[in-house]
Each structure stands twice: as structure tokens, then as C-alpha cells.
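Visitor: When you get a sec, could you give me coordinates for this:
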Amino acid sequence: MTPTVVKTSSGGGGSAGRSSGSGSGGSSGKNNSTLTGTGAYRLYPIKDFNVKEVKGKPAAEGTFVSGQRVALSDWKQLPSGCYRLVLSALDGGGKEMTRPGTNQTDVYLFSRQDTRLEGYDEPFLYEYRAEFEPGRPAVVYFGTTCKDAYVFVDIFGKDGRIENRTLTLDDSLVRLEYPYQEKYGEGISVVFTFVKNNAVYSERAVLEKKQPERTLD
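Guide: Coordinates of the predicted model:
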């Protein structure tokens, strides 16, 4: 599974994650009512995503109520790198009811100021701004820990390929801006492809033209 991306630092950032098990949040029944519950989360630093069991103290922890937004302001202070987010359900007395390891997600935290990836061994793609409009470009971050990676970047519109270029990355993370152009129409797909150690890697970002807000007279 591909890791997930989220903003973390004061300068912006992201995270990548693979999940297992079902979440411990709310769910809808046949009568469309929401089942609410409480849970706890713990975020553990890990060397990489191949770690099978987390050890030591969590870098961050707290509780949540299903259906409510959780403020993760303390995550902004954490260093970039690999983490494992472990969730558990709580009973009415605050006791954990979920078996350890049942609900967990691997998360990669990064800052927009980063120039390389720490322990992230897969191609990294983060759509920081997936919409563009005149004067405001779409922004994506792409990176790899591979050395001397020649990345083919192809831009496709509804009628086929519009543009192509090549990036040379050397264990690096780059920010790419895409100002809107008329030939992009309602949107484009940006495909990043490279070959390393006889393996083909490909990632795709979907960028759309921002539509004007419609108001009723």
C-alpha cells in the first residue's frame, strides 16, 4: 500500500501512510443514524515502514470522538520521518477495547522546506494544491531516495499528451508549480515515471481548474 500525505510543520508539510484493519470512528446503520464513540491515538516514530512492531514511547498521543475534528497541533513540532499511528476504541470508563495492532496506519511526516526524504523508500508524491486558476498555480511535491534517478514527467489533457520533460533527482524532494494554461482545459494529469534497479515506478497527480463559485440571485 502507498503511504498517505498530511500537513505537519508550521511551514506546511505532509504525511504518507498504509493502513490495516477498520477505523474506530463512527459508522452509519440502516436507519442512517451515526454511531458515536471515543478512542485513543498514539503516534510512534519508526526507522522505516518495514518495522513490524513499534517500541518505546509515542511521539504524540491523545483521544478523539468520532465525527469530530481532532487538533493535531503538537504534530507540527515533530521531525520529518516515518511514524506509525495506532488507534484504539475506548469504553465508557476510558478502558481500551481494541487489540493492539488491529487499527494502525504508517505515516510519513514532512515539511515543505525539506529537500530530501528520511527513511521513505518509495516514490513520494504530495498534491499540496490540486486546483489551479489564473495567478494561482497548482503545486505538487515529488521525491525519491534513489540516486541518479531520471524521471520522465508527462502532462496529459483530455486529448492526449500536452507536454513532457525530464527531472534528474538524487535522493531529493522537489516542489513543482503548474500555472494554469488555456491548453490545460478543465484539468490535467501529471505522470512521473522512472526506472531504477530493473523496477518501473510511476505516480500520477490530477490537477483541476478551479471552478467559479455559483451563487443564487
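Visitor: Least confident secondary structure element in this structure?
Guide: Taking mean pLDDT, DSSP states H and E as the measure, strand 27-28 is the helix or strand of the chain with the lowest mean score, a mean of 34.
Visitor: Low-confidence stretches in the chain?
Guide: 1-36, 98-101, 214-217 (pLDDT under 70).
Visitor: Run through the helices of it in chain order.
Guide: In the chain, no helices are defined using DSSP state H.
Visitor: Just grab the bridge partners of Phe194 for me.
Guide: Beta-bridge partners for Phe194, by DSSP bridges, are Tyr201.
Visitor: so it makes contact with Thr168?
Guide: No: using CB atoms under 8 Å, Phe194 is not in contact with Thr168, being 9.9 Å away. Using the backbone N, CA and C atoms, a C-beta is placed for each residue, glycine as well.
Visitor: can you list residues touching both of these two?
Guide: Ala149, Tyr150, Val151 (CB atoms under 8 Å, 6 or more residues apart in numbering).
Visitor: and which of the residues you listed is nearest Thr102?
Guide: Closest approach to Thr102 among these (CB to CB): Ala149, at 36.7 Å.
Visitor: count of neighbours near that closest one?
Guide: Number of residues near Ala149 (other CB atoms under 10 Å) recorded here: 19.
Visitor: how close does Lys209 sit to Gly185?
Guide: 7 Å (CB to CB, to the nearest Å).
Visitor: which ones are touching Phe142?
Guide: Pro123, Phe124, Leu125, Tyr126, Val151, Leu167, Leu169, Leu173, Val174, Leu176, Phe192, Glu203.
Visitor: try Gly185
Guide: Gly157, Lys158, Lys209.
Visitor: Throw together a ChimeraX command that grabs the buried residues out of these.
Guide: Here is the ChimeraX command that selects the buried residues among the contacts of Gly185 (16 or more other CB atoms under 10 Å):
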select :157
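Visitor: picking up where we left off before, TSV for the shared contacts of Phe194 and Thr168, including distance to Lys76?
Guide: Shown next, in TSV, are the shared contacts of Phe194 and Thr168 (distance: CB to CB, whole Å):
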residue	distance to Lys76
Ala149	30
Tyr150	35
Val151	30
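Visitor: Asp171: what's it in contact with?
Guide: Contacts for Asp171 (CB under 8 Å, 6+ apart) come out as Arg116, Leu117, Thr144, Thr145, Cys146, Lys147.
Visitor: repeat that with 7 Å
Guide: With contact taken as CB atoms under 7 Å, 6 or more residues apart in numbering, Asp171 is in contact with Arg116, Thr145, Cys146, Lys147.
Visitor: Any of those buried? List them.
Guide: Thr145, Cys146.
Visitor: Just the ones of the contacts of Asp171 in strands?
Guide: When these are checked against strands (DSSP state E), there are no matches.
Visitor: Closest one to Leu78 out of the contacts of Asp171, please.
Guide: Arg116 (17.1 Å).
Visitor: mind listing what the closest one touches?
Guide: The neighbours of Arg116, taking CB under 7 Å, 6+ apart as the test, are Asp171, Ser172, Leu173.
Visitor: That one and Val107: what is the separation?
Guide: Distance of Arg116 to Val107, computed by CB to CB: 18 Å.
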